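>>> Everything below, folded, please.
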Amino acid sequence: MVKHVFVTGGVASSLGKGLTASSLGRLLKSRGLRVTLQKLDPYINVDPGTMNPFQHGEVFVTDDKGETDLDLGHYERFVDVPLTRKSNATTGSIYQSVLAKERRGAYLGETVQVIPHITNEIKDRILALATDDVDIVITEIGGTVGDIEILPFLEAIRQFRKDVGRENVFYVHVTLVPFIGPSAEQKTKPTQHSVTELRSRGIQPDAIVCRSDRPIPKRLKEKIALLSDVPEEGIVSAIDADVLYEIPLVLHEEGLDDYLCRVMHLTEHEPDLTEWRALVASVRAAEDDVHIGLVGKYVNLPDAYLSVVEALKHGGYACGARVMIDWIAADDTEGLLAEGRLAGLDGIVVPGGFGVRGIEGKIAAAGYAREHGVPFLGLCLGLHCAVIEFGRNVCGLAGANSSEFDLHSPHPVIDLMDEQRDVVELGGTMRLGAYPARLHAGSKVREIYGEEVVYERHRHRFELNNRYRQVLEEHGMRCSGTSPDDRLVEFIELVDHPFFVATQAHPEFKSRPNRPHPLFAAFVDAARQRADGRSPRLPIEAPPRPVGVG
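Sure, this is the predicted structure:
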């Protein structure tokens, strides 16, 4: 029977439930077990697709057109298993489903209530992943124990152990053990209160992952075990890791996976962490610093570009480089160029996004990369910016723009496809999920991928306007990858440039630390080559926290 692991969190948000679930998935996969993961989010939005990145971070897109929580990106990067839209459910989607059933008469006139109808729907979402080709389903419950929004999810997973059998369910609770500076002590009281709250909802944790900035001594583990009724071997010290992908090794050293396997009678599987240890060793061994400018409008919240940043780091792993991100706000167009904000960079990335704010700064960044021979990678909106800049300044198309930003542009080099217009005006959706692209012979992208046809994930509505393809190509921009029917441009590149590539897709979603995406690996390698011989730069500070939204 399929086993189930539930990961909850307490005390504070952003403790790393998603990374804990991902790391546990990697450890179990290293034992030869077939693992899949799921995130249950308590917010009432149906999905994150319309949520502001300042509030939610990036939207992670699955092959089957799902717009999902960013934790699914962690899951895929750690476990290297493609997930589906079934791996993310929200309170909004659950209530939407229940209400639709009620309208269809599925409940035969019953009074629809949180228990059993909402909780049954939650359990159905969990069971939907328990297929014949899966051994373990890891489900992360979003939010923090004590939040009012989380109660139906806690009740559902409480009932779940009774439904499928005690031996088939394992509860992991992630909590905080803070260090109090004036008294120079680590305090367990927040963890005690969090576990008490969880137990008041009928859930007794099997393991407690204690987040802290320093190791938790044995005496504190014993105290937590005594007061939470969890065996001491189930109390795990998870200190801050300077290398993200070291977390599975930290949890393994603490014995979490061994303990879980014994409790769930999976002891016949032994872990093989050879590849993962080699990955972490290669990350630590990197010597060359490569400085990449990421030009966007959400740079005050790095989670908005989480997959892009991780894919860049993966590209660095492939060529022995440490990628240093220079967060550049796209809003100040003039400052980007006049103040030399882009000078000294080894590479420039313009990531995806929506809306007109900051667009001229992104266009300016693409132009700077083109004129100064700086390796450039454009992702989705980044392709639009590169095409707009090239149209204006190389092809002589004065006023060239995207109709997303200027409906009256004399040269809408980026536009809706004709057949899209009526659909979009009626509220139609974007081009979402995995689509094929045919890479043209002799192109840089064909060389990079090493394949003629590739599949990448998309999340956009506007396309390169085919009426301008000829003039763009006549001036040196190559449409190097198109849809199989040649109607949609998927990749562009500049012929006479060290590395200038943009794609309509989001390849960052398919990059893995032990299997970097070829496009990011090639881009970072080009930036590393540019960096050779440069004098070191000072460390780049982390971006400030957000001060507004937009």
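>>> ok, which stretches of the stretch 251-400 of the chain are helices?
For the stretch 251-400 of the chain, the helices defined by DSSP state H, counting those that start in this stretch cover 256-263, 274-285, 306-319, 333-338, 359-372, 381-393.
>>> can you list those in a markdown table and add mean neighbour count, mean pLDDT and distance to Ala184?
In short, each C-beta sits where N, CA and C put it, glycine included. A markdown table is the format used below for these (neighbours: other Cβ atoms under 10 Å; pLDDT from 0 to 100; distance: least, Cβ to Cβ, whole Å):
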| stretch | mean neighbour count | mean pLDDT | distance to Ala184 |
| --- | --- | --- | --- |
| helix 256-263 | 19 | 95 | 28 |
| helix 274-285 | 14 | 94 | 30 |
| helix 306-319 | 25 | 96 | 35 |
| helix 333-338 | 15 | 70 | 45 |
| helix 359-372 | 23 | 95 | 47 |
| helix 381-393 | 25 | 97 | 48 |
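>>> closest to Ser23 out of the ones you listed?
Comparing those by their distance to Ser23 (Cβ to Cβ), the top pick is helix 256-263, with 8.7 Å.
>>> Show the model's pLDDT score for Glu419.
According to the prediction, Glu419 has pLDDT 57.
>>> With Ser14 instead?
84.
>>> Which secondary structure element of the protein has the lowest mean pLDDT?
When each helix and strand of the chain is scored by mean pLDDT, DSSP states H and E, helix 420-425 comes last, with a mean of 50.
>>> center of the protein - which residue?
In the chain, the residue lying closest to the centroid (Cα atoms, centre = their mean) is Gly73, at 3.5 Å.
>>> For it, list the residues it contacts.
58, 60, 306-307, 310, 509 (Cβ atoms under 8 Å, 6 or more residues apart in numbering).
>>> again, only using 6 Å
Gly73 sits next to 60, 307 when contact means Cβ atoms under 6 Å, 6 or more residues apart in numbering.
>>> Wait, a helix at it?
Yes. With DSSP: H, G, I helix; E, B strand; the rest coil as the criterion, Gly73 is located in a helix.
>>> For Leu294, see how far away Ala365 is.
Using Cβ to Cβ, to the nearest Å, Ala365 is found at 10 Å from Leu294.
>>> That should have said Ala434, apologies.
Using Cβ to Cβ, Ala434 is found at 25 Å from Leu294.
>>> out of the two, which sits in the busier spot?
More crowded of Ala434 and Leu294, by other Cβ atoms under 10 Å: Leu294, with 24 against 18.
>>> thinking the more buried one is in contact with Val349, fair?
Yes. Here Leu294 reaches Val349: they are 5.0 Å apart, a contact under Cβ atoms under 6 Å.
>>> Isn't His517 up against Pro507?
Yes. Look at His517 against Pro507 with Cβ under 6 Å: they come within range, at 5.1 Å.
>>> Using CSV, lay out the helices of the stretch 251-400 of the chain together with distance to Pro231.
Formatted as CSV, the helices of the stretch 251-400 of the chain follow (distance: least, Cβ to Cβ, whole Å):
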stretch, distance to Pro231
helix 256-263, 8
helix 274-285, 26
helix 306-319, 35
helix 333-338, 57
helix 359-372, 54
helix 381-393, 51
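>>> what separates Arg34 from Ile247, distance-wise?
21 Å.
>>> Looking at those two now, which is surrounded by more residues?
Using other Cβ under 10 Å as the criterion, Arg34 and Ile247 rank with Ile247 on top: 24 against 14.
>>> Quick check: that one touching Leu24?
No. Under the criterion of Cβ under 6 Å, Ile247 is not in contact with Leu24, lying 9.6 Å apart.
>>> Could you look up the SS state of the residue of the chain positioned farthest from its centre?
No residue in the chain has its C-alpha farther from the mean C-alpha position than Gly109, which lies at 41.8 Å (Cα atoms, centre = their mean). Judged by three-state DSSP, the three-state class of Gly109 is coil.
>>> what ranges do the helices span in the stretch 51-200 of the chain?
Taking DSSP H, counting those that start in this stretch as the test, the helices found in the stretch 51-200 of the chain are 53-56, 71-79, 91-103, 119-127, 151-164, 189-200.
>>> same thing with the stretch 401-550 of the chain?
With helices called from DSSP H, counting those that start in this stretch, the stretch 401-550 of the chain shows them at 420-425, 444-449, 469-474, 518-531.
>>> So for Phe6, which of the ones you listed sits nearest?
Nearest to Phe6, of all the helices of the stretch 401-550 of the chain, is helix 518-531, at 33.5 Å by Cβ to Cβ.
>>> What angle do helix 306-319 and that closest one make with each other?
60 degrees (axes from the mean of the first three to the mean of the last three Cα atoms, to 10 degrees).
>>> So which bits of helix 518-531 are buried?
Within helix 518-531, the residues scored as buried using 16 or more other Cβ atoms under 10 Å are 518-528, 530-531.
>>> ok, now stretch 395-415?
For stretch 395-415, burial by neighbour count (16+ other Cβ under 10 Å) applies to 395, 397, 400-406, 409, 411-415.
>>> can you list the weak-confidence ranges in this structure?
Low-confidence segments of the chain (pLDDT under 70): 333-334, 418-429, 533-550.
>>> residue boundaries of the strands in the stretch 451-550 of the chain?
453-460, 463-464, 477-482, 489-494, 500-503 (DSSP state E, counting those that start in this stretch).
>>> tell me the most buried of those strands?
Most buried of the strands of the stretch 451-550 of the chain, by mean neighbour count (mean count of other Cβ atoms under 10 Å): strand 500-503, with a mean of 28.
>>> Could you check what's spatially nearest to Tyr455, not counting adjacent residues?
Excluding its sequence neighbours, the residue lying closest to Tyr455 (Cβ to Cβ, 6 or more residues apart in numbering) is Ala434, at 4.8 Å.
>>> Give the bridge partners for that neighbour, please.
Residues in a beta bridge with Ala434, per DSSP bridges, are Arg457.
>>> show me what contacts it?
Taking Cβ under 6 Å, 6+ apart, we find Ala434 in contact with 63, 455, 457.
>>> Distance of the residue nearest to the first one when sequence neighbours are not counted relative to Thr84?
If I follow you right, that is Asp63. Once flanking residues are discounted, Asp63 sits nearest to Ala434: 4.1 Å by Cβ to Cβ, 6+ apart. From Ala434 over to Thr84 the distance is 11 Å, taken as Cβ to Cβ.
>>> repeat for Phe405
Taking Cβ to Cβ, one finds Phe405 at 33 Å from Thr84.
>>> again, but for Leu432
Taken as Cβ to Cβ, the span from Leu432 to Thr84 is 13 Å.
>>> Comparing those two, which residue is more hemmed in?
With neighbours defined as other Cβ under 10 Å, Leu432 and Thr84 compare such that Leu432 has more, 20 against 17.
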